[in-house]
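Colleague: got a predicted model here, sequence first, then my questions.
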Amino acid sequence: TTTTTTAAATTTSTTLNMKKKLYAPKKFTISKEGDKMLQKEKKMQENLTDEMVDLASRIKRNAEEVSKELSRSTKLVDSMETKLDQNVVVAKSATHRQTAVFRKNKKYGCWSCVVLTLVFFLFSWVYIVIKFSGDKTVKIIEGIRTEKHQQITEVKHRRDAEKHQREKHRADFEL
C-alpha cells in the first residue's frame, strides 16, 4: 500500500505541476514596435477617458442650467397664471357691470335709435341743400358783399360831401 500511496502522490504532484504550468501566467516579451503600439493605445485610452470625463462634466452643467431654467420658467408660468386669474376675475366683474347697465338702459334703446335716425336724416338733408345750392349761396354772399361795399362807399361819399360843405360854409362865414 505504501507503493500505491507513493505512486498516487507522485501522480498527484505531477498533475499539479502540469496544472501550474498550464495556468501559470506566461511572460511575454514585447518588441519595441509592440511597446510603441501599447503606449499609443494607453494614450488613446487616457485621451478617451479625459474626453468622457469632460463630456460628463459638460452634460452635468447643461443639466443644472436646464434645471435652473425650468425652475425660472415654472415661477414665470405661476406668476402669469396668477395674473391671468386676476384678469379673468376683473373681466367677469366688468361684464356683470356692463350687463347691469345694459339692462338698466335697455328701455331707452328704441329712443336712441330714433334720435340717431333723425340726426342722420338732418345731416343728409343739410348735405343735399349745401350740395345743390352751393353756387347760389356763393352768388348770394357775393351780392351781399357788393351791396355792403356800395353802401359803405355811398356813406363815405356823403361824409366827404358834408365835410366839404362844412368847410365851404366856414370859409364863407369867416369872410
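Modeller: That came in fine, so what should we check first? Residues are numbered from 1 along each chain as shown.

Colleague: where's the helix or strand encompassing E64 relative to the chain centroid, distance-wise?
Modeller: Per DSSP states H and E, E64 falls inside helix 32-105. Its chain's C-alpha centre and that of helix 32-105 lie 21 Å apart, by CA atoms, centre = their mean, to the nearest Å.

Colleague: with stretch 154-170 instead?
Modeller: 83 Å.

Colleague: report how many residues lie close to L48.
Modeller: 10 (other CB atoms under 10 Å). Bear in mind the C-beta positions are built from the backbone N, C-alpha and C, glycine included.

Colleague: in this protein, which ranges drop under the pLDDT threshold?
Modeller: Applying pLDDT under 70 to the chain flags the ranges 1-13, 15-28, 30, 107-109, 134-138, 174-175.

Colleague: swap the cut-off to 80 and go again
Modeller: For the chain, applying pLDDT under 80 flags the ranges 1-31, 34, 102-112, 129-145, 169-175.

Colleague: C-terminal to the helix holding E64, what's the next element?
Modeller: helix 109-132.

Colleague: what separates that next one from the chain centre, distance-wise?
Modeller: 44 Å.

Colleague: so what angle separates the directions of the following helix or strand past that helix and helix 109-132?
Modeller: Tracing the chain C-terminally past helix 109-132 and defining elements by DSSP H and E, one meets helix 134-174 next. Relative orientation of helix 134-174 versus helix 109-132 (axes from the mean of the first three to the mean of the last three CA atoms, to 10 degrees): 60 degrees.
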